Structure formats: C-alpha cells, structure tokens
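Colleague: Any chance you can model this:
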Amino acid sequence: MSVNSSERGPTDRPRPLPRAEEDPEARLVELVRRTALGDEAAFSALYDAVSPRLFALVRRVVRDVPMSEEVLQEVFVEVWRQATRFDAARGSASGWLSTIAHRRAVDAVRSQEASRRRDSAEGLHRVEETVVDVQEEGVRRVEVRRVEQAMRSLTQLQRDAIGLAYFGGYSHREVANLLGIPVGTAKTRIRDGMIVLRDRLGVTS
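Modeller: Purely as a prediction, here's the structure:
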C-alpha cells in the first residue's frame, strides 16, 4: 500500500484536507482520492472518519457483531482496492462507501444462509417447501430482468437512493444520512427515480 515518494513530482505534494466540520463530504472525497494514490495515512484517516457509520449500517443487515466486524474489514479492503474507480461526478463519497458496505453485508447474509441450507436438514426442508413450479419461476425471472433493465435508465444518484430505500429498507432520513445529503434531496431523487421506473415498466397509478 506504500507509495514511492521518489515517483512524486512537485505538483503531487498533498494538499491540506478540508476541515471535517466545514465540509465533511469534500474531506471524504479528498481522502478517497489520496487512498487511490496509495496514501496509507489518508486511508487510515478515511477509516477513522467513516468506520462507525459503516459498521452501524453493516450491523443493521448482518445483526451478529463479530460477523459485522469481519464484513467491515472486507469493506475497507474493497475500498482500498477500488478507490481508483470512485468518480465524484457520479455520486457522493458517502454514497459510494455506503453502497459498498451494504452490498458486502447483503452478500455475507446470503452466503451464511446458503451455508445453513447446505448443512441443515431443516434448511433443506424449508427450501423444498418454497419451491415454485417452472412457469411461476420463469415469470419471476422475466420480471426481475425488466426491473434490472429499468434501473439502468436511472442516474447513478437515483440508483443509490432507490437502492438504499427500497432494497435496503432505509427511511428517507436514513438514506439522506448515508448519502450525506439533505432529506429533501433524498426524497426528490427517490421520487424522480420511481417516476422513471414506472414509465419504463408500464405501471399505471
């Protein structure tokens, strides 16, 4: 994770970070940018700044504390590896980090449930009881594909908000906190995104 200082020119000298109390989002963006350059100090500062919030998000999905701690470490491994892909023009740093944390938490729960189903006769019995016929399953898959295609027509900002609200089960206020935006802005993104989805899916109110 270290960066060779001899490779840096005079223009690569780190700029002072914005004060957290003045512009927390700008500070996160700068920390992610420096992390993408291999700056371990910035990565450590990023961890200190957002780990409590991300841990709370993960724990809400995972429930189990030790498992939540493991997931949080996986989240920051991914942040370190994927920091170069963050684009502030496509969404907030808070939203990007929250999306990674939520996805990792959901994956952990799904993996745990899959393991339980494999190892438990009770889990196998539950799966057998919930099997639907081939026709119903085919219809469900078609609907899932339609929704996925409709979601691609949204902006990244709308996808972040709707994903947390409808797939993550968060309230408008919680979505706003996770994305680092005003509640009114979160409501607008969700409302506008849902209008687009209804049009794409041909749903009439």
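
Colleague: name the element Ile181 belongs to?
Modeller: Using DSSP states H and E, Ile181 sits in no helix or strand.

Colleague: number of nearby residues for the residue nearest to it when sequence neighbours are not counted?
Modeller: Leaving aside its sequence neighbours, Ile181 sits nearest to Ser92 (C-beta to C-beta, 6 or more residues apart in numbering; 6.7 Å). Placement of C-beta: from N, CA and C, glycine included. Applying other C-beta atoms under 10 Å, we find 19 residues neighbouring Ser92.

Colleague: need the contact list for Ser92.
Modeller: Ser92 makes contact with Glu25, Leu28, Val29, Leu179, Gly180, Ile181, according to C-beta atoms under 8 Å, 6 or more residues apart in numbering.

Colleague: now swap in Arg189 and tell me
Modeller: So Arg189 contacts Leu157, Gln158, Asp160, Ala161, Ile162 (C-beta under 8 Å, 6+ apart).

Colleague: where are the low-confidence patches of the chain?
Modeller: Within the chain, the segments meeting pLDDT under 70 span 1-22, 116-144, 203-205.

Colleague: Now do the residue nearest to Ile181 against Gln112, distance only.
Modeller: Ser92 sits 30 Å away from Gln112, going by C-beta to C-beta, to the nearest Å.

Colleague: In TSV: the contacts of Ser92, plus distance to Asp64 and neighbour count.
Modeller: Shown next, in TSV, are those (distance: C-beta to C-beta, whole Å; neighbours: other C-beta atoms under 10 Å):
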residue	distance to Asp64	neighbour count
Glu25	31	17
Leu28	28	25
Val29	32	18
Leu179	26	26
Gly180	27	17
Ile181	30	20
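
Colleague: so which of those residues would you say is closest to Glu70?
Modeller: Using C-beta to C-beta, Leu28 is the member of these that lies nearest Glu70, at 23.5 Å.

Colleague: doesn't Leu97 make contact with the closest one?
Modeller: Yes - counting by C-beta atoms under 8 Å, Leu97 is a contact partner of Leu28 at 7.5 Å.

Colleague: which residues are in contact with both of the two?
Modeller: In contact with both Leu28 and Leu97: Val50, using C-beta under 8 Å, 6+ apart.

Colleague: residue closest to the middle of this protein?
Modeller: Here the mean C-alpha position of the chain is nearest to the C-alpha of Thr99 (C-alpha atoms, centre = their mean), at a distance of 0.7 Å.

Colleague: Tell me which other helices or strands the longest helix seen in the chain touches.
Modeller: The single longest helix within the chain, with elements called by DSSP state H, is helix 93-119. Under the contact definition 3 or more C-beta pairs under 8 Å, 6 or more residues apart in numbering; DSSP states H and E, helix 93-119 sits against helix 24-36, helix 40-62, helix 65-82, helix 121-129, helix 156-162, helix 172-179.
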